[in-house]
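Chemist: how would this look folded up:
(one chain, ligands or ions: 2)
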Amino acid sequence: MLIVFEGIDGSGKTTLSNRVARELRQAGLRVRHVREDGKLASPVSEGLRLFTKNPLHLALTPMAELLLYSARETQLLEEVTRPALAEYEVVIADRFLYTAEVLARWGRGLPEHAVRPVVDACTRGLRPERVFLIDVDPAIARARRRISKLLAPDTGVPSSRKGLAGAGMQTRLRAGYRALAAESPEQWTLIENTDVTLEALVTQLTQEVLRMVRGGEPGTPSSTPRAPTPPRSADEARARFLERVDRWMEEEPGLAAWFLSGLEGADIDERRERLATRCPELIAHGLSGLTDASAWDLRARLEQAAPVQVLGSLKALAAESPQAWALRERWEQRAPEAVAASLDGLGSEQAWAMRERLHGRFPEPVVTSLTRLGDARAWVLRERWLSQRGGQAALDQEKVARIACRSIRGVDDAPAWDWRERAWEVAPDAVLRTLEGLDSERAWALREQHAGRASRLVLESLRGLNNPRAWALRESFGVSCEEALESFEGMDGATAWRLRQALADTWPAATVKSMGPLASSARGQELISRLLTDHPRDFALLRQAARVAAHPGQERRHATA
Ligand SMILES: Nc1ncnc2c1ncn2[C@@H]1O[C@H](COP(=O)(O)OP(=O)(O)O)[C@@H](O)[C@H]1O
Ligand SMILES: Cc1cn([C@H]2C[C@H](O)[C@@H](COP(=O)(O)OP(=O)(O)O)O2)c(=O)[nH]c1=O
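Modeler: Numbering: from 1, shown residues only. Ligands and ions are numbered 1, 2, ... in the order given. Model (predicted):
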């Protein structure tokens, strides 16, 4: 019997399928998991996985991508899954050809008639007995992934082609999986993984498989919860958001801590306090950019438990304040790399003095902190670092090229373009990220050429740009890429509002975010109420609306329209 786990990235497929396999073995069944502990049992498939993940292959077209993902699954199917079906009672797969189909059709927009024949040729009539669709709100799946990343820092995970299309890709893929499930309800079971513990799901799925193996009828599929009554205003949304956070507080405190990030108000502070001991890294990380008294107070209390995250939170308005400098000085000896990284983009005398002190021992974080700095002083440090790595030729090494690109983000002079040219061969995605805010002809040419395959990177680089070329790119790619909206946060022209209205129902949360301070204007409030009514289940929208609400301890901000 073949059991497949499907779902978007971070939905819980890998964790659940492995736990269920273990439980079934303990129940005495002979079980083969074709991706035990996340590793595909076919080395060829694993090789294809690495190939498709590699951001060097930025130019991969939708059809070529479909064929490669199909090849990965077909090889696994023929080499491992089919033979295992003859030998084991239960064979478990984490992803199947459905992934390739959903990515091609819903992710990239290829028509069904182009995709189905490919998939059918690969499966040759094999139909899994059951597909568990692990279904999660993409905002929650993303938060879970980012939390694991933050808590297991830099394990050398290489950059990935995934994500180049933007966060909205996961919303489209989720819709695709749900459509396939609706087409074959006798085969697919939708498993809701938002407000459930992993333990409860492992038990539920194990029981379901045991029942099937013993020849029983499949259990009644879990009914979809009814849509909640929509909140009518930003204030109601804030109350609803906090209720949701409170439910996570015990079962999954990491998520509660994550979603409080960047929010202000006494109601938020009180919850941060309660989570600070259990999740110090996440709470410290969530203070990013905050400058109110309670944020500084929490930083002081968390700096021993989570110095790297506390230093990392010294961004935006918090970066150059006296408290920030005192913190850096306290940690300069004990966490020099995090201190150096916290100088990101700072051009003050104090920042330069600290860079000079740290550069000898920690050249990399110092060099990457030179973002947006194009003056002679910055280039002296960059050139010194590069010559230690072997000079310009070292930009042919991916690792060096990536550091170089981080250093020249937002820098538009001739030496920066020399670096980009060399780095392109080994890290094109990193080069696209350097275009942040640039308005030169070369930057536009690069954007226009690659917007189709790396729309997120290109659209993010438009942040703050207000000219016809920027708007043309936003117009063309906004429907498929929500990052278009964030790139004009706070802008108030007719074009900005027209685009917000056009994209509001596709990307409700990003639309609210893109209003920035304008969200509290009458026009902003009206749009938010309308979106809350029409998208009552969208957690990211609820959070953005909560951010806009008047909150205890602070006057409501009024936009100057
Ligand atoms: N119900 C849940 N409660 C708590 N954590 C969860 C839950 N479901 C998934 N996770 C966590 O989410 C992260 C992503 O899960 P993973 O199994 O790697 O997803 P996928 O294989 O679908 O990408 C993991 O850290 C996992 O422990
Ligand atoms: C390219 C791309 C793939 N995907 C999905 C579909 C692919 O089969 C899958 C490949 O990711 P990968 O990390 O190779 O595999 P897995 O998630 O199984 O560990 O990710 C995205 O979610 N977003 C993307 O932008």
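
Chemist: so how many other residues sit close to Leu499?
Modeler: If you count neighbours by other CB atoms under 10 Å, Leu499 ends up with 21. The C-beta positions use only the backbone N, C-alpha and C, and glycine is treated the same way.

Chemist: before we move on, which element is the spatially most central residue of the chain in?
Modeler: By CA atoms, centre = their mean, the mean C-alpha position of the chain lies nearest to Arg142, the distance being 5.1 Å. Taking DSSP states H and E as the criterion, the element that holds Arg142 is helix 138-151.

Chemist: does ligand 1 sit close to the next helix-or-strand element following that helix?
Modeler: Beyond helix 138-151 on the C-terminal side, the first helix or strand identified by DSSP H and E is helix 168-183. No: for a cut-off given as CB under 6 Å from any ligand atom, helix 168-183 has no contacts with ligand 1; the smallest distance is 10.5 Å.

Chemist: Helix 168-183 packs against which elements?
Modeler: Helices and strands touching helix 168-183, as assessed by 3 or more CB pairs under 8 Å, 6 or more residues apart in numbering; DSSP states H and E, comprise helix 97-102, strand 130-135, helix 138-151, strand 188-192.

Chemist: avg pLDDT for the shortest one?
Modeler: Which is strand 188-192. When pLDDT is averaged over strand 188-192, the result is 97.

Chemist: quick one, helices of the stretch 451-561 of the chain?
Modeler: Per DSSP state H, counting those that start in this stretch, the stretch 451-561 of the chain carries helices over the ranges 455-460, 468-477, 483-486, 494-503, 508-515, 522-534, 539-548.

Chemist: Ignore what I typed, I meant the stretch 1-150 of the chain.
Modeler: Counting by DSSP H, counting those that start in this stretch, the stretch 1-150 of the chain has these helices, from start to end: 13-26, 43-53, 62-76, 82-87, 97-102, 112-123, 138-151.

Chemist: Is it possible to get CSV of the ones you listed that adds distance to Ala376?
Modeler: Supplementary listing: these in CSV, determined by distance: least, CB to CB, whole Å:
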stretch, distance to Ala376
helix 13-26, 50
helix 43-53, 39
helix 62-76, 44
helix 82-87, 64
helix 97-102, 51
helix 112-123, 54
helix 138-151, 36
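
Chemist: if you compare those, which one is most tucked away?
Modeler: Neighbour counts (mean count of other CB atoms under 10 Å) averaged over each of these peak at helix 97-102, with a mean of 24.

Chemist: what comes into contact with that helix?
Modeler: Residues external to helix 97-102 that are found in contact with it (CB atoms under 8 Å, 6 or more residues apart in numbering): 4, 6, 66, 69-70, 72-74, 77, 115-116, 118-119, 122-123, 131, 173, 176-177, 180.

Chemist: contacts with ligand 2 among these, please.
Modeler: Residues shared between the contacts of helix 97-102 and the neighbourhood of ligand 2 are 69, 173 [CB under 6 Å from any ligand atom].

Chemist: For the stretch 201-350 of the chain, list the residues in contact with ligand 1, please.
Modeler: Glu252.

Chemist: let's see it at 5 Å
Modeler: Nowhere does the stretch 201-350 of the chain come near ligand 1, counting by CB under 5 Å from any ligand atom.

Chemist: residue ranges for the helices of the stretch 201-350 of the chain, please.
Modeler: When assigned using DSSP H, counting those that start in this stretch, the helices of the stretch 201-350 of the chain occupy the ranges 234-251, 253-259, 266-276, 280-285, 293-302, 307-312, 322-331, 336-341, 349-359.

Chemist: now check the helix holding Arg142, is it near ligand 1?
Modeler: Yes: applying CB under 5 Å from any ligand atom, one finds helix 138-151 touching ligand 1 at 144, 148.

Chemist: follow-up on the earlier one: would you list the helices of the stretch 451-561 of the chain in JSON lines and tack on distance to ligand 2 and mean pLDDT?
Modeler: Shown next, in JSON lines, are these (distance: least, CB to the nearest ligand atom, whole Å; pLDDT from 0 to 100):
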{"stretch": "helix 455-460", "distance to ligand 2": "9", "mean pLDDT": "98"}
{"stretch": "helix 468-477", "distance to ligand 2": "15", "mean pLDDT": "98"}
{"stretch": "helix 483-486", "distance to ligand 2": "13", "mean pLDDT": "97"}
{"stretch": "helix 494-503", "distance to ligand 2": "20", "mean pLDDT": "98"}
{"stretch": "helix 508-515", "distance to ligand 2": "17", "mean pLDDT": "98"}
{"stretch": "helix 522-534", "distance to ligand 2": "25", "mean pLDDT": "95"}
{"stretch": "helix 539-548", "distance to ligand 2": "17", "mean pLDDT": "95"}
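
Chemist: would you turn those into TSV with distance to Glu243?
Modeler: Written out in TSV, the entries for the helices of the stretch 451-561 of the chain read as follows (distance: least, CB to CB, whole Å):
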stretch	distance to Glu243
helix 455-460	32
helix 468-477	35
helix 483-486	27
helix 494-503	28
helix 508-515	18
helix 522-534	15
helix 539-548	10
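
Chemist: Any idea which of those gets closest to ligand 1?
Modeler: Taking CB to the nearest ligand atom as the measure, the helices of the stretch 451-561 of the chain were each checked against ligand 1, and helix 539-548 came out nearest at 14.4 Å.

Chemist: Tell me, please, where in the protein the pLDDT is lower than the cut-off.
Modeler: 154-156, 218-227, 552-561 (pLDDT under 70).

Chemist: Residue of the stretch 101-250 of the chain nearest ligand 2, please.
Modeler: Using CB to the nearest ligand atom, the closest approach of the stretch 101-250 of the chain to ligand 2 is made by Lys162 at 4.1 Å.

Chemist: That residue contacts Gly10, correct?
Modeler: No: counting by CB atoms under 8 Å, Lys162 does not reach Gly10; the two are 10.8 Å apart.

Chemist: ok so, going back, which one of the helices of the stretch 201-350 of the chain lies nearest to ligand 2?
Modeler: Among those, helix 253-259 comes nearest to ligand 2, with 20.0 Å by CB to the nearest ligand atom.

Chemist: Check the gap between the nearest residue to Thr15 once chain neighbours are set aside and Asp375 for me.
Modeler: For Thr15, ignoring the flanking residues on the chain, the nearest one in space by CB to CB, 6 or more residues apart in numbering is Leu198 at 6.5 Å. Remark: distance between Leu198 and Asp375 (CB to CB, to the nearest Å) = 51 Å.
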